[in-house]
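Participant: Sequence and predicted model, in that order:
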Amino acid sequence: MNEAVRHIGQPGHASDPALGNSALEGMHEVMGEILAWRRELQERHRHPAFAVPVPTINLGHIHGGDNPNRICGDCELLLDLRVLPGLKVEELHEDCRTELQYTCTIRDYALERTIVYFLAEVEPGEVRLGNENHGEARWVAPQEAWELLTETSPEQLPALDAALAYWQQK
């Protein structure tokens with residue numbers, strides 16, 4: 001699953017930091033929460049059939065601010081979550097929201113989250129694919145999943161291969 005997390009702060013001039021709320025500083029705390037959640041997931045979930053036997057979360061891209069003398073008003077982080085069989089993407093998405101809610105509440109941060117793409121589940125003979133709208137997730141045949149991923153997210157192909165191999169062994 002690829003997800004965008006956007007922090008909306010309050011821009012201002014750096015000469016008076018009290019007038020702003022730095023989205024970059026807020027994202028720093030959010031990133032710490034995500035990394036702590038990653039450690040928890042990896043302690044709880046293992047699958048010996050995979051070369052990397054734990055779920056992974058990669059903080060892959062961050063962008064924020066527009067000028068060094070301005071308090072950053074907006075910051076976006078793109079992350080990649082790789083799941084194991086048995087983990088439900090929708091549940092992990094909700095868990096992530098719960099993990100971030102505390103920090104956002106006590107710091108008065110506003111966050112927007114968007115699912116960019118996900119390979120949700122694999123069942124015998126079917127793969128569940130989705131994109132930025134959970135309502136568009138659908139079951140497709142493995143060949144169709146392969147073709148869609150080749151066009152849109154080729155980095156997901158190893159996960160698809162591993163999931164399909166898992167089901168062939170059962």
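Facilitator: On my side now, so go ahead.
Participant: hey, let's count contacts and neighbours off CA atoms from now on
Facilitator: OK.
Participant: For the residue nearest to Asn21 when sequence neighbours are not counted, which residues are in contact?
Facilitator: Nearest residue to Asn21, sequence neighbours excluded (Cα to Cα, 6 or more residues apart in numbering): Gln10, at 4.5 Å. Gln10 makes contacts with 19-23, 71-74, as judged by Cα atoms under 8 Å, 6 or more residues apart in numbering.
Participant: got it, and His7?
Facilitator: 23-24, 26-27, 74-76, 109-112.
Participant: Return the set of residues that bridge with it.
Facilitator: Cys75, Leu111 (DSSP bridges).
Participant: That one and Leu35: what is the separation?
Facilitator: His7 is 17 Å from Leu35, where distance means Cα to Cα, to the nearest Å.
Participant: cool, Pro55 as well?
Facilitator: Taking Cα to Cα, one finds Pro55 at 12 Å from Leu35.
Participant: now Gly65
Facilitator: 22 Å.
Participant: about what we covered before: pick out the most distant pair among the contacts of Gln10.
Facilitator: Leu19 and Asp74 (15.1 Å; Cα to Cα).
Participant: Neighbour count: the two, which is higher?
Facilitator: Taking neighbours as other Cα atoms under 10 Å, Leu19 and Asp74 compare with Asp74 leading, 22 against 13.
Participant: Identify the residue nearest the more buried one in space, chain neighbours excluded?
Facilitator: Per Cα to Cα, 6+ apart, closest to Asp74 is Ile8, 4.8 Å.
Participant: Report the contact partners of that neighbour.
Facilitator: With Cα under 8 Å, 6+ apart, Ile8 has these contacts: 23, 73-75, 109-112.
Participant: Please pick the buried ones from these.
Facilitator: Using 16 or more other Cα atoms under 10 Å as the burial test, those include 23, 73-75, 109, 111 as buried.
Participant: So for the residues you listed, which is the shakiest by pLDDT?
Facilitator: Ranked by pLDDT, the buried ones among the contacts of Ile8 bottom out at Tyr109, which scores 76.
Participant: And that one, how far from Phe50?
Facilitator: 37 Å.
Participant: Could you list the low-confidence segments of the chain?
Facilitator: 1, 89-90, 114-140, 151-157, 159-160, 162-170 (pLDDT under 70).
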